[in-house]
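> Here is my input; please provide its structure:
(one chain, ligands or ions: 2)
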Amino acid sequence: MTDPITVPERAPEDVPDFDHARAEAAVRELLFAIGEDPDREGLRETPARVARAYAELTHGLRQTAEDVLTTTFDLGHEEMILVRDIELWSMCEHHLVPFTGVAHVGYIPADTGKITGLSKLARLVDVYAKRPQVQERLTTQVADSLMEILGARGVIVVIEAEHLCMTMRGVKKAGARTITSAVRGGFLTNQATRAEAMTLIHSGTR
Ligand SMILES: Nc1nc2c(ncn2[C@@H]2O[C@H](COP(=O)(O)OP(=O)(O)OP(=O)(O)O)[C@@H](O)[C@H]2O)c(=O)[nH]1
Ligand SMILES: [Zn+2]
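Ligands and ions are numbered 1, 2, ... in the order given. Here you go, the predicted model:
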C-alpha cells in the first residue's frame, strides 16, 4: 500500500492537461445532484467559472520545485535565512475544501553559499499548496525540495493552518489550528540552531 504522506510526486509531463470540458460537465452534474437547476439564471456560467477556479487552485500539479528555484545566487552567506508568515491557501484532498494559514520556511545554505531569492520560498510553498493535499505532505515536500535543489545544510518548515473541513462542516471546531513541522540537516542535529529558528518564528507580532 502506498503511504499517503509520501505518495510519489508525478512529473508534470505525466499529469494530463487540465480538462476544462470534463470539469464543467462534472460541476453541472454536481449541481443536478444537489437539487439545483444548472440552467437557471445565475448558475448558467457557474460550471465554466468553477472549472477555471479549479484550474488555478490545482496549478501546482503542473509545476515542479525546480521551476521556481531557478534563480540562485552565490552570496557566500552561510547563516540561517528564514521567511516567516508566508500566506498559504491549499485544498484538503479528503474534502476538496481549503485549508489556510501560514508557512515559515528557513534554511542554512550549502557551503558554497548558494541561496535563492526570498520570493522563491513563497513560490515553492505554492507549488505544493496548489494541488489536493494533506498538511503533513505539503510540509515535507517543501523541506525535501529545498534540501535537494539548493543542497541546503539544513531546513526547517513549520506550517500552521486551519482546515475548513473542520470548521464549516463535520466536527465544526472553528479556530483549531494544526501545526506541522519538517526539520532536516543542521536544524535536526543542532538544538541551538533549531531553538533559534523557533524563537524567530514565534517572535514579534503577526
Ligand atoms: N492528517 C490529516 N488529516 C486531514 C487533513 N485534512 C483533513 N484531514 C482529516 O481527514 C479525515 C477524513 O476522515 P473521514 O472519516 O474519512 O471523513 P469524514 O467522515 O468526512 O470525517 P469528519 O471530518 O470527521 O466528518 C478527517 O479527520 C479530516 O479532519 C490533513 O491535512 N492531514
Ligand atoms: Zn478535509
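> Mind listing residues that contact stretch 137-150?
4-7, 9, 65-66, 69, 72, 90, 103, 105, 107, 109-110, 114-116, 121, 124-125, 128-129, 152, 155-159, 180-185 (C-beta atoms under 8 Å, 6 or more residues apart in numbering). C-betas here are computed from N, CA, C, even on glycine.
> what comes up buried for the top helix by length along the chain?
Secondary structure of the chain per DSSP state H: the longest helix is helix 135-150. Buried residues in helix 135-150, counted by 16 or more other C-beta atoms under 10 Å: 135-147, 149-150.
> same thing with stretch 188-202?
Buried, per 16+ other C-beta under 10 Å, within stretch 188-202: 193-194, 196-198, 201.
> For it, C-alpha coordinates in PDB please.
Extracted in PDB, the C-alpha atoms of stretch 188-202 (Å, rounded to 0.1, in the frame of the first residue of the first chain):
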ATOM      1  CA  LEU A 188      17.900  18.400  13.400                       C
ATOM      2  CA  THR A 189      21.400  17.900  14.700                       C
ATOM      3  CA  ASN A 190      22.000  21.300  16.300                       C
ATOM      4  CA  GLN A 191      19.500  22.000  19.000                       C
ATOM      5  CA  ALA A 192      20.700  25.600  19.400                       C
ATOM      6  CA  THR A 193      20.100  26.300  15.700                       C
ATOM      7  CA  ARG A 194      16.600  24.800  15.900                       C
ATOM      8  CA  ALA A 195      15.800  26.800  19.000                       C
ATOM      9  CA  GLU A 196      17.000  30.000  17.300                       C
ATOM     10  CA  ALA A 197      14.700  29.300  14.300                       C
ATOM     11  CA  MET A 198      11.700  28.600  16.600                       C
ATOM     12  CA  THR A 199      12.300  31.800  18.500                       C
ATOM     13  CA  LEU A 200      12.500  33.800  15.300                       C
ATOM     14  CA  ILE A 201       9.300  32.100  14.100                       C
ATOM     15  CA  HIS A 202       7.400  33.000  17.200                       C
END
